[in-house]
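1. I would like the atomic coordinates for the input below:
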Amino acid sequence: MSHFFPRAEYAEDQPLARTILATHVLSRGFQVGTAVGLLKSGAAALFKNRPITTLSLLRSASAGGAVGTGVVGVGLIIQMWGREKIEWQDRSWRLRYNPGQLGIDNWSEPVAALGALAVAFRRPLEPTIGVWRGVVGGMGIGSLVGIVGCLCATHILLPRKE
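-> Below you'll find the predicted structure:
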């Protein structure tokens, strides 16, 4: 997201504020939903003696990502209903200038695309999951891998000097 939208010097001048904030919130909801879906799949494997398979992980990741996106989308509408334009601009401007958010975006988006491509170009998925659901699950898992990579790179490999 960080490279696709313009960046203003001042919050009052931030263009596309609603688009920037909505994109950020929906992508984070997708990531959180994917993580919850994967945790649910892991818990089911642990407590119900189900095997963890690639298909079960992709299915859980895609369903969790879709639910997470929907839930935070409704939350965004509730939170921002009736807000002034400057409030949207201020929140989106702060996102655009937050180095932590930019780092997460720069790591998670390309790896999410790689995850989607990895699933799309692998041998045909079983008909029980479907191609789109598998690609969405791969995108969600890739996004989480990107977040972990960002956190490892910034806190372990390249720690901040204080």
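2. what mean pLDDT does the longest helix along the chain have?
-> Ordering each helix of the chain by length in residues (DSSP state H) puts helix 17-47 first. Helix 17-47 comes out with an average pLDDT of 94.
3. Flag every buried residue along that helix.
-> 17, 20-38, 41, 45 (16 or more other Cβ atoms under 10 Å). The way it works is simple: take the backbone N, C-alpha and C, and place the C-beta from them, glycine included.
4. That one packs against which elements?
-> On a contact count with 3 or more Cβ pairs under 8 Å, 6 or more residues apart in numbering; DSSP states H and E, helix 17-47 meets helix 54-80, helix 85-96, helix 99-120, helix 131-152.
5. okay, those helices, which one's buried deepest?
-> helix 131-152 (a mean of 21; mean count of other Cβ atoms under 10 Å).
6. Quickly note the distance from S41 to S108.
-> Between S41 and S108 the distance is 20 Å, computed by Cβ to Cβ, to the nearest Å.
7. If you could redo that for S62, that was the one I meant.
-> Distance, S62 to S108, by Cβ to Cβ: 16 Å.
8. Could I get the contacting residues of the residue most central in space within the chain?
-> Central residue of the chain (Cα atoms, centre = their mean): Q31, 3.4 Å from the mean position. Contacts for Q31 (Cβ atoms under 8 Å, 6 or more residues apart in numbering) come out as G65, G68, S108, G140, S143, L144, I147.
9. got the contact list for G137?
-> Counted by Cβ under 8 Å, 6+ apart, G137 has contacts T34, L57, L58, R59, S60, A61, S62, G65, V119, I129.
10. again, only this time at 10 Å
-> Going by Cβ atoms under 10 Å, 6 or more residues apart in numbering, G137 touches 34, 37-38, 54-66, 115-116, 119, 125, 129.
11. now A45
-> Residues near A45 by Cβ under 10 Å, 6+ apart: P51, I52, T53, S56, L57, S60.
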